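Visitor: Structure of the sequence below:
(one chain, ligands or ions: 2)
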Amino acid sequence: MANKTVQSVRGFVDLLPEDAWKWQFLEATAREVFQLYGFEEIRTPLLEKTDLFSRSVGEATDIVGKEMYTFTDRSGDSLSLRPEGTAPVVRAYLEHGFAKSHPESSFYYLAPMFRHERPQHGRLRQFHQIGAELFGIPGPEADAEIISLQADLLSRMGLKDFSLAINSLGCRACQPEYHRRLVGFLEPLAPKLCPNCQKRVRGNPLRVLDCKEAECRALLRSQSVPRISDSLCPACSEHFSELQAILKTMGLEFTLDPFLVRGLDYYTRTAFEIYPGKSGSQSRTDAISAGGRYDELISDLGGPALPAVGFALGMERILLQLPEIPPPAKKPAVALLAMGVSARRLVQKLARELRENGFPARADLKGGSFKAQIHRADRAGAGLVLILGEDEIRDQTVMVKDLKKSEQEKIPAKDLVAYLRNKLS
Ligand SMILES: [Zn+2]
Ligand SMILES: [Zn+2]
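Guide: Ligands and ions are numbered 1, 2, ... in the order given. Here you go, the predicted model:
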């Protein structure tokens, strides 16, 4: 029996050349926009200590409770593949002393994340995010900057219609009171909620508000659920209304969504989500970009009391929403064929010289009949074919064949670069 081939892991997919250039387009667009906003790239490792996420994202969240790839390594340490990008960036910000040297830093990342969720359309276990974190600015100006950045990213990527929803989740001063009111409201309803929400009522009541189960959604919308907006302290309330005023001035449209909470414990005050389509047409599961303010996370992770706000955009999700991205224009490639043994080595040497001069060059590595080599050159999309045989070696020339025009001419080897420059420009 032949050996079975090894398959990729469920929820982890290959990115093939036919799609890779779309990702390059998203990445290049993102880098461009981040540069316009003055954000700098940061790359953190895939693996972190598990503690980092239990102390930040929160023990009671689905992400930490059920979805992380956590294992004990050979030294006995509990490690996790990062399920999100914010906590690692905050760790790096503290570890490298930015909190002291440059508290007002802004970073971006393009990175894979890992969550053991049920794989479905646009949702993988290794997925990719474009994200940014803006540290050290307490005012709503920072929230508006992050929101504006996302809107520009999505427009430049080619997404025509999208809508922004915002909410305020309050701060550590006003959240406990709201939690009490919410738990008091939810407890009598608990038997009618989904099994997950029955557990959430005491542990993580905010998450009941954005449960995806139809029975929970219908039930909560038919009731007069306490709204966080009625419980905000004066400082949170002012922050939220000032943010709205700034967004209006900047021309960024938004809707207020009192059910918008995020699946992570660290958010305070502003939370936002961006959905594809015009406002009103979306369902909550569709968010392609989301984030918020997390003013307590830096101190929760052992740093000074510094505010921050950030977002992450799902690359798989945005790709599902974008119209066809036109493939990049291919540079005309030059193919080199060798006829005869002695020409083979010279052809690879010549290919190197052409590449040094900036011409994409493809030397035929397989050899064989002239017909077979021409066929491969044509299939590779080469416009020009350079042929080196016994005659050309003797005369120090190269035969240049234009496949489209079916013309050919002999060029002195020393003039080849100048000839190609003229021909291919
Ligand atoms: Zn507050
Ligand atoms: Zn539920």
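
Visitor: for residue 6, phi and psi?
Guide: phi -90, psi 130 (degrees, to the nearest 10).

Visitor: what's the burial count for it?
Guide: Number of residues near residue 6 (other CB atoms under 10 Å) recorded here: 6. Every residue, glycine included, has its C-beta placed from N, CA and C.

Visitor: Then residue 189?
Guide: Using other CB under 10 Å, residue 189 has 17 other residues around it.

Visitor: Report the secondary structure element holding the nearest residue to it once chain neighbours are set aside.
Guide: Nearest non-adjacent residue to residue 189, counting by CB to CB, 6 or more residues apart in numbering: residue 219, 6.5 Å away. Using DSSP states H and E, residue 219 maps to helix 214-222.

Visitor: could you give me the average pLDDT of the following helix or strand past that helix?
Guide: With elements assigned by DSSP H and E, the helix or strand that comes after helix 214-222 is helix 234-250. Average pLDDT, helix 234-250: 98.

Visitor: which helices and strands does helix 234-250 pack with?
Guide: Using 3 or more CB pairs under 8 Å, 6 or more residues apart in numbering; DSSP states H and E, the elements in contact with helix 234-250 are helix 140-157, strand 162-168, strand 268-276.

Visitor: Let me have these in JSON lines, adding mean pLDDT as columns.
Guide: Compiled in JSON lines, the helices and strands packed on helix 234-250 are given as follows (pLDDT from 0 to 100):
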{"stretch": "helix 140-157", "mean pLDDT": "97"}
{"stretch": "strand 162-168", "mean pLDDT": "95"}
{"stretch": "strand 268-276", "mean pLDDT": "94"}
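
Visitor: These into CSV, with extra columns for mean neighbour count?
Guide: Output for the helices and strands packed on helix 234-250, formatted as CSV (neighbours: other CB atoms under 10 Å):
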stretch, mean neighbour count
helix 140-157, 21
strand 162-168, 22
strand 268-276, 24
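
Visitor: quick one: residue 25 from residue 325, how far?
Guide: Noted for residue 25: a distance of 6 Å to residue 325, by CB to CB, to the nearest Å.

Visitor: So what's the gap between stretch 76-94 and the chain middle?
Guide: The chain centroid and the centroid of stretch 76-94 are separated by 17 Å, computed with CA atoms, centre = their mean, to the nearest Å.

Visitor: thinking again about what came up before, ok, now which ones touch the residue nearest to residue 189?
Guide: Contacts for residue 219 (CB atoms under 8 Å, 6 or more residues apart in numbering) come out as 189, 192, 193.

Visitor: From those, pick the one nearest residue 59.
Guide: residue 193 (20.9 Å; CB to CB).

Visitor: doesn't residue 208 make contact with the closest one?
Guide: Yes. Proximity of residue 193 to residue 208 meets the contact threshold set by CB atoms under 8 Å, at 6.7 Å.

Visitor: Can you work out which residues contact both of these two?
Guide: 186, 201, 216.

Visitor: Next, format those as TSV and append distance to residue 98.
Guide: Output for those, formatted as TSV (distance: CB to CB, whole Å):
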residue	distance to residue 98
186	40
201	39
216	41
